[in-house]
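Novice: sequence? don't have it. structure:
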């Protein structure tokens, strides 16, 4: 056997990095077992054959041995270092791709580990010959390649010209021909008993507003606290050895960046790059996540993830043989027995105080108030275990989403309202939830995401949730090609008066020609102040303070100026509220608060 140099690849992200760097599969390797593969350049040229084996971890960090012919060791080390440090693109055809996270690469000197790696290497047999183009090697020596992996450097070149099995396109579950009976949340009886105006929403009977009215509920969130029933939203538990790798490939953001106790906003795309839903993902443990999705899309998202897990659907239109890691369990937490969870949203500056008032212990009270944005903890509130997250969708600087067992939801709901009754806290419905998110410039699926205009997260003002440095996520290729140069963006606009613009109405440019389309609108208070969101061309001048004209129509014979009855004076706001705007909300809404 030729002399080999053994490199140690160590760190939290070692497995994920090796899956990108070598042609063989890494995730299912057993201890003391080596597997031959290749290191390829982006164009398919071979850097060197290599054998990968698992090392006994030190200090809890995953570690692997990468064995290469000693004659190639210097070149391999240089290539690995460049990949690790990002000093050279992994794939010149896709310069966005890079290794994410922490990684240590060094020559293995630990005697016991080196001996174990050599034993595994001896059992793996002779090194393969690698003196042909990657696609020829993939055909002649298929055992060196896991072509079904979501990605490895040189994969496209290795698959060139090969006849690979293709997965079918996914068909979303059909909507019922006749809508069935509305579903009711665990708080439905409370809503009816307290005079809520109820209406259908996403197949659920939901409170739109309570007797104080939408303006009072909106003001309560800006000055004190508002409590929302969000138990209709989908809540999925994703767990198992491949949970991180599965979600890393299924979601646009990077769950690998999340520590336990952290959360992030993300999106799910279909293979053609179109949005399936936006979501929040919470890392509960190393291999366990909570995924919260919109009620209207919950069934579709659950079916889509199950299809990905069961490998029943194509994930990459360019390379339809790809599959996702699938040692994953999916559970709907709205109906999971003792593990069930449903959501409440407590939003507004008084929120941490209310949590402290209902906390079972002083320690939990302190923890509740100290949570940072996009962090969560398990707390004991009102006699129940609660996952309390510093997240929300109202733009409130302080707010929480609380996930509690359905049997304890009403007790927690009542305890929070009682704790804030003397300070202006109110229950709030979907009307205020919508006006608050419009004021804050937050997109809503079906309006600022997807919908009639087929808007993307990037166009909606959230480019950071689409991590192009990840070499693969479902829909990445088509999405990247569509957004190489932005074509559209969202603007936030304010106005006042009865004459307003509503979704579908147009925004006019200086030449009176249509320059954009309104996507959302909301009155904010009794003085008829309102905010609208609109999709405009990427070159639209959206400087804050600029005056623009809204058209109370969907079409207009340009370039004629519209008559006064058809026009609306609007002022451009910053895309999202800045600190000064948020700091001014309590005083601004003080007169509206109950």
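Specialist: Thanks, I have the structure now. Predicted, not measured: the structure shown is a model, and the values here were computed from it.

Novice: which stretches of the stretch 1-150 of the chain form helices?
Specialist: 14-21, 73-85, 111-124, 134-140 (DSSP state H, counting those that start in this stretch).

Novice: list the buried residues of the second one.
Specialist: Applying a neighbour-count criterion of 16 or more other CB atoms under 10 Å, one finds 73, 76, 77, 79, 80, 83, 84 buried in helix 73-85. (Glycine included, C-beta is placed from N, CA and C.)

Novice: same question, the third one
Specialist: The neighbour-count criterion (16+ other CB under 10 Å) identifies 113, 114, 116, 117, 118, 120, 121, 124 as the buried residues of helix 111-124.

Novice: for the chain, longest strand please?
Specialist: strand 46-58 (DSSP state E).

Novice: and that one, what does it pack against?
Specialist: Applying 3 or more CB pairs under 8 Å, 6 or more residues apart in numbering; DSSP states H and E, one finds that strand 46-58 contacts strand 4-10, strand 34-40, strand 61-69, helix 73-85, helix 111-124.

Novice: re earlier: out of the helices of the stretch 1-150 of the chain, flag the one nearest residue 318.
Specialist: Each of the helices of the stretch 1-150 of the chain has some distance to residue 318 by CB to CB; the shortest is helix 134-140, at 15.1 Å.

Novice: and the closest one, what does it pack onto?
Specialist: So helix 134-140, by 3+ CB pairs under 8 Å, 6+ apart, packs with strand 34-40, helix 155-159.

Novice: okay, these in TSV with distance to residue 143, mean pLDDT and mean neighbour count next?
Specialist: Below are the helices and strands packed on helix 134-140 laid out as TSV (distance: least, CB to CB, whole Å; pLDDT from 0 to 100; neighbours: other CB atoms under 10 Å):
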stretch	distance to residue 143	mean pLDDT	mean neighbour count
strand 34-40	7	94	24
helix 155-159	13	93	21
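
Novice: now those as JSON lines including distance to residue 468?
Specialist: As requested, the helices and strands packed on helix 134-140 are arranged in JSON lines below (distance: least, CB to CB, whole Å):
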{"stretch": "strand 34-40", "distance to residue 468": "21"}
{"stretch": "helix 155-159", "distance to residue 468": "16"}
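
Novice: quick one, which of the ones you listed is nearest to residue 337?
Specialist: strand 34-40 (39.6 Å).

Novice: what's the burial count for the closest residue to residue 240 other than its chain neighbours?
Specialist: Among residues not flanking residue 240 along the chain, residue 328 sits closest, at 4.4 Å (CB to CB, 6 or more residues apart in numbering). Residues within reach of residue 328, counting by other CB atoms under 10 Å, total 24.

Novice: nearest spatial neighbour of the most centrally placed residue in the chain, skipping sequence neighbours?
Specialist: Geometric centre of the chain, nearest residue: residue 266, 1.2 Å, by CA atoms, centre = their mean. Take residue 266 and drop its neighbours on the chain: the residue closest to it by CB to CB, 6+ apart is residue 253, 3.8 Å away.

Novice: ok, then the element right after the helix or strand encompassing residue 490?
Specialist: Residue 490 is part of strand 488-496 when elements are defined by DSSP states H and E. Next helix or strand after strand 488-496 toward the C-terminus (DSSP H and E): strand 506-508.

Novice: other residues contacting that following strand?
Specialist: 491, 493, 501, 514-518, 534, 536, 548-551, 553-556, 562, 567, 570 (CB atoms under 8 Å, 6 or more residues apart in numbering).

Novice: what about 10 Å?
Specialist: For strand 506-508, contacts defined as CB atoms under 10 Å, 6 or more residues apart in numbering pick out 491, 493, 501, 513-518, 532, 534-537, 540, 548-556, 558-559, 561-562, 567-568, 570, 572.

Novice: thinking again about what came up before, is the residue nearest to the centre of the chain in a helix, a strand, or coil?
Specialist: Recorded secondary structure, residue 266: strand (DSSP: H, G, I helix; E, B strand; the rest coil).

Novice: and what of residue 292?
Specialist: Applying three-state DSSP: residue 292 is strand.

Novice: equivalent analysis for residue 582, please.
Specialist: Quick answer, by three-state DSSP: residue 582 is helix.

Novice: among the helices of the stretch 1-150 of the chain, which is nearest residue 591?
Specialist: Of the helices of the stretch 1-150 of the chain, nearest to residue 591 by CB to CB is helix 14-21, at 53.6 Å.

Novice: so for that closest one, mean pLDDT?
Specialist: On average, the pLDDT along helix 14-21 is 90.

Novice: which neighbouring elements make contact with the helix or strand of the chain with the lowest mean pLDDT?
Specialist: When each helix and strand of the chain is scored by mean pLDDT, DSSP states H and E, helix 362-370 comes last, with a mean of 83. Judged by 3 or more CB pairs under 10 Å, 6 or more residues apart in numbering; DSSP states H and E, helix 362-370 is in contact with helix 351-358, strand 376-381, strand 384-389.

Novice: any chance of a markdown table for the ones you listed, columns mean neighbour count and mean pLDDT?
Specialist: Supplementary listing: the helices and strands packed on helix 362-370 in a markdown table, determined by neighbours: other CB atoms under 10 Å; pLDDT from 0 to 100:
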| stretch | mean neighbour count | mean pLDDT |
| --- | --- | --- |
| helix 351-358 | 22 | 96 |
| strand 376-381 | 20 | 95 |
| strand 384-389 | 22 | 96 |
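
Novice: how about JSON lines for those, with distance to residue 429 added?
Specialist: Output for the helices and strands packed on helix 362-370, formatted as JSON lines (distance: least, CB to CB, whole Å):
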{"stretch": "helix 351-358", "distance to residue 429": "18"}
{"stretch": "strand 376-381", "distance to residue 429": "22"}
{"stretch": "strand 384-389", "distance to residue 429": "21"}
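
Novice: now for those, which one comes closest to residue 592?
Specialist: Per CB to CB, nearest to residue 592 of the helices and strands packed on helix 362-370: helix 351-358, 18.5 Å.

Novice: chain center to that closest one: distance?
Specialist: From the chain centre to the centre of helix 351-358 is a distance of 28 Å (CA atoms, centre = their mean, to the nearest Å).

Novice: swap in stretch 239-248?
Specialist: That offset, for stretch 239-248, works out to 14 Å (CA atoms, centre = their mean).

Novice: go ahead and confirm residue 62 touches residue 102.
Specialist: No: contact status for residue 62 versus residue 102: not in contact, 11.1 Å apart, counting by CB atoms under 10 Å.

Novice: quickly list what's touching both of these two.
Specialist: 10, 11, 12, 13, 14.

Novice: I figured the first one hits residue 107, correct?
Specialist: It stands for residue 10. No: here residue 10 lies out of contact with residue 107, judged by CB under 10 Å, at a distance of 11.9 Å.

Novice: of the two, give the one with the bigger neighbour count.
Specialist: The neighbour count for residue 10 versus residue 107, taken as other CB under 10 Å, is higher for residue 10 (22 against 11).

Novice: is that one in a bridge, and if so with what?
Specialist: residue 63, residue 104 (DSSP bridges).

Novice: before we move on, what about residue 229?
Specialist: So, taking DSSP bridges as the rule, residue 229 has residue 344 as bridge partners.

Novice: next, count neighbours for residue 439.
Specialist: Residue 439, neighbours per other CB under 10 Å, totals 25.

Novice: and for the one 5 residues further on?
Specialist: Summarising burial for residue 444: neighbours were counted as other CB under 10 Å, giving 20.

Novice: show me what contacts it?
Specialist: Residues near residue 444 by CB under 10 Å, 6+ apart: 278, 294, 393, 433-434, 437-438, 450-451, 460, 519-520, 533.

Novice: my guess is the residue nearest to residue 240 contacts residue 311. True?
Specialist: No: at 11.2 Å, residue 328 and residue 311 do not qualify as touching, with contact defined as CB under 10 Å.
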